[in-house]
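>>> Below are the sequence and a predicted model; questions follow.
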Amino acid sequence: MSTGFVMGTSESGVPTPLLASDRNGEYVARSNIRRLLPDAPMTQEQSGISSALIEDLFLRHVHLKRCNTIGALSESMGLAYPIVERVFRDVRNQRLLEVSGMVGDDYVFALTGAGRTMAAERCRMCQYAGPAPVSLRAYNQAILDQRPQVTVNRAALRLAFGDLVVTDRILDQLGPALVAQNSMFLYGPAGTGKTSLAERLLRVYGDQLVMPYAVEVDNQIIILFDPAVHERVQVDMEDADPRWVVCHRPCVIVGGELVPSMLELRRDDSSGTYAPPVQMKANGGMLVIDDFGRQLISPRDLLNRWIVPLDRRVDYLSLNYGVRFQIPFECMIVFATNLEPSELADEAFLRRIPNKILVDAIAPDVFDEIFRRVLAGFKMTGEEGVSEHLRKLCMERGGDLRPCYPRDMCRIIRAVKTYEQEPLGVSRGDLERAVELFFGTMEAGHSN
């Protein structure tokens, strides 16, 4: 039996150490990140996007966000005042705007009837009114310039996984894969903690990522920044291009909900914008495919879709009318599965994922340490000999020892004690009741 690690201690309040800086809205020093932020462009040509796209964005900001000064538009669009002022003069010359006054040296204006008609027409085509996008070329170069550089050893990994009980065997297999940034399989029986391990791999990154809010391709807008995935970091943006945002390297986790459409650009007909595929959202970080083999998309179809990107580190996407373009594929893919890798892919694909790490059942001493930590986290006390008794029960009913068992049994016992209004504690009888509820009438060795 190999040894594994504890799952679920974060629920119990055990602190979670990070190799990266503490993620509590810290203010990152200018010297650490400013060099990665592009300088703010001062002309339309320097912005990398067309004047027509900027004009469309200008009209939408005025129409949808009620921006009525050049300064307000400059801030809302993320473009320098001179760029917006030039568009203002062009739009005014087309009699789409009328000036109603001044605020200091700035104009106060509103759309004319023709301007409202034009803006409404542009909004029917696309309703995006966020920061101006950056060019595809600028995005691609930024991702390539920020390839992760990971330097770790066993001690550093042990710190990163400090809230888990992880053995040296696991650490020494993970370490080289993380340094090389090669994709990996984490495989083994259910309940051994593959997902918990995968979720914590991101902690090896000790830096931040600069990325745009949106990317322009053929005058179409791909909204890239997603607050649910990209954790923003406060940073000194003076003189920097405000179309870019600094965030922690992303970790995108998908499971059974993964369908083929999530691997491609998806156009939202109501807004006229594109949503990026999961691998584009994860660029510069990690993409975890949890419960691989349980998705609606077949493993073969998924692996065939990524066989070229994994090999060449580039991906090809298409707009809905056929325009095809290339982006970097710079995310580390982690497949977490209960199935043997050989059951999921052929030799040609498995060769492209050189790290296949078995996360198996655990040894008795590791099981006891997990149980001790879980009891402490749940603020529960156990009578003498409960750890040995739980081991015996799990071996009899489950066939082996898995890291999930202490956590799952303690959750059941806590619920029972709350229901029966009894003090929290763990006795042999409590464990027998919890094990009966957990395993039911399942045969030994089939407790997935």
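Right, received. Where do you want to start? Numbers count the residues shown, from 1 in each chain.
>>> Please tell me how far residue 405 sits from residue 373.
According to CB to CB, to the nearest Å, residue 405 and residue 373 sit 13 Å apart. C-beta: built from backbone N, CA, C; applies to glycine.
>>> More neighbours: which of the two?
residue 405 (29 against 20; other CB atoms under 10 Å).
>>> quick one: the more buried one is in a strand?
No. Applying DSSP: H, G, I helix; E, B strand; the rest coil, one finds residue 405 to be helix, outside a strand.
>>> does residue 296 sit in a helix, a strand or a coil?
With three-state DSSP as the criterion, residue 296 reads coil.
>>> Extract the residue ranges of the stretch 151-300 of the chain that are flagged as low pLDDT.
Within the stretch 151-300 of the chain, no range satisfies pLDDT under 70.
>>> now the strands for it?
184-187, 208-212, 214-217, 220-223, 234-235, 244-248, 251-254, 266-268, 273-275, 286-289 (DSSP state E, counting those that start in this stretch).
>>> Check what contacts the third one and list those residues.
In this case it means strand 214-217. Under the contact criterion CB atoms under 8 Å, 6 or more residues apart in numbering, strand 214-217 has outside partners 48-49, 53, 128, 130-136, 139, 221-225, 243, 273, 319, 323, 325.
>>> Please check these and keep the buried ones.
48-49, 53, 128, 130-136, 139, 221-225, 243, 273, 319 (16 or more other CB atoms under 10 Å).
>>> Report how many residues lie close to residue 353.
Other residues close to residue 353 by other CB under 10 Å number 20.
>>> Could I get the strands of the stretch 151-300 of the chain in TSV, plus columns for distance to residue 195?
Formatted as TSV, the strands of the stretch 151-300 of the chain follow (distance: least, CB to CB, whole Å):
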stretch	distance to residue 195
strand 184-187	8
strand 208-212	23
strand 214-217	31
strand 220-223	28
strand 234-235	30
strand 244-248	20
strand 251-254	8
strand 266-268	26
strand 273-275	25
strand 286-289	8
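>>> so how many other residues sit close to residue 180?
Neighbourhood size, residue 180 [other CB under 10 Å]: 13.
>>> Ok, residue 238 next?
9.
>>> Over to residue 272?
For residue 272, using other CB under 10 Å, the count is 16.
>>> now the one 3 residues further on
Using other CB under 10 Å, residue 275 has 19 other residues around it.
>>> number of nearby residues for the spatially closest residue to it that is not a sequence neighbour?
Distances taken as CB to CB, 6 or more residues apart in numbering place residue 266 nearest to residue 275, at 4.7 Å, with adjacent residues excluded. Neighbour count of residue 266, defined by other CB under 10 Å: 14.
>>> got it, and residue 346?
Residues near residue 346, counting by other CB under 10 Å: 12.
>>> where do the strands sit along the stretch 1-150 of the chain?
So, for the stretch 1-150 of the chain - with DSSP E, counting those that start in this stretch - the strands run 27-28, 97-103, 106-111, 134-135.
>>> From what I see, the residue nearest to residue 275 and residue 278 are in contact.
No. The criterion here is CB atoms under 8 Å, and residue 266 misses it with residue 278 at 10.7 Å.
>>> Dump stretch 95-107 to CSV, restricted to CA.
Taking Å, rounded to 0.1, in the frame of the first residue of the first chain, the C-alpha atoms of stretch 95-107 are listed here in CSV:
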residue,chain,number,x,y,z
ARG,A,95,-22.9,65.2,-35.9
LEU,A,96,-23.5,62.2,-33.6
LEU,A,97,-22.7,64.3,-30.5
GLU,A,98,-23.8,67.7,-29.3
VAL,A,99,-21.8,69.6,-26.6
SER,A,100,-23.9,71.0,-23.8
GLY,A,101,-21.2,72.6,-21.6
MET,A,102,-17.8,72.3,-20.0
VAL,A,103,-16.4,70.9,-16.8
GLY,A,104,-13.0,72.6,-16.4
ASP,A,105,-11.2,71.9,-19.7
ASP,A,106,-13.4,68.9,-20.5
TYR,A,107,-16.5,68.8,-22.7
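>>> Can you name the residues in contact with it?
Contacts for stretch 95-107 (CB under 8 Å, 6+ apart): 59, 62, 69-71, 88, 91-92, 108-112, 114-115, 118-119.
>>> Return the set of buried residues in it.
Neighbour-count burial for stretch 95-107 [16+ other CB under 10 Å]: 96, 97, 106, 107.
>>> Give the bridge partners for the second one, please.
According to DSSP bridges, the partner residues bridging residue 97 are residue 111.
>>> Please apply the same query to the last one.
Bridge pairing for residue 107 (DSSP bridges) gives the partners residue 102.
>>> Quick check: buried residues in stretch 183-202?
For stretch 183-202, by 16+ other CB under 10 Å, it's 183-189, 191-202.
>>> no wait, stretch 78-98
Buried-residue list, stretch 78-98, by 16+ other CB under 10 Å: 78, 79, 80, 83, 84, 85, 87, 88, 91, 92, 96, 97.
>>> now that stretch: mean pLDDT?
Mean per-residue pLDDT for stretch 78-98: 96.
>>> gap between that stretch and the chain center?
38 Å (CA atoms, centre = their mean, to the nearest Å).
>>> Equivalent analysis for stretch 259-272, please.
So, by CA atoms, centre = their mean, the centroid of stretch 259-272 is 18 Å from its chain's centroid.
>>> coming back round to it: out of the contacts of stretch 95-107, which sit inside helices?
Of the positions in the contacts of stretch 95-107, 59, 62, 70, 71, 88, 91, 92, 114, 115, 118, 119 sit in helices, assigned by DSSP state H.
>>> Name the nearest residue to the second one, sequence neighbours excluded.
Meaning residue 62. residue 111 (5.9 Å).
>>> bridging residues for the closest residue in space to residue 212 that isn't next to it in sequence?
Leaving aside its chain neighbours, residue 212 sits nearest to residue 134 (4.3 Å; criterion: CB to CB, 6+ apart). Here residue 134 sits in beta bridges with residue 215, as judged by DSSP bridges.
>>> Hmm, residue 319 is touching residue 274, no?
Yes. Between residue 319 and residue 274 there is a contact at 7.2 Å, judged by CB under 8 Å.
>>> okay, now residue 160: neighbour count?
26.
>>> returning to what we had before: compare the strands of the stretch 1-150 of the chain and report which one is nearest to residue 293.
strand 134-135 (37.2 Å; CB to CB).
>>> Counting by contacts, list what the closest one packs against.
Under the contact criterion of 3 or more CB pairs under 8 Å, 6 or more residues apart in numbering; DSSP states H and E, strand 134-135 touches strand 214-217.
>>> Using PDB, list the CA coordinates for the strand it packs on.
Extracted as PDB, the C-alpha positions of strand 214-217 are listed here (Å, rounded to 0.1, in the frame of the first residue of the first chain):
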ATOM      1  CA  ALA A 214     -10.500  41.400 -23.300                       C
ATOM      2  CA  VAL A 215      -8.900  40.400 -26.600                       C
ATOM      3  CA  GLU A 216      -9.800  41.500 -30.100                       C
ATOM      4  CA  VAL A 217      -9.700  39.100 -33.000                       C
END
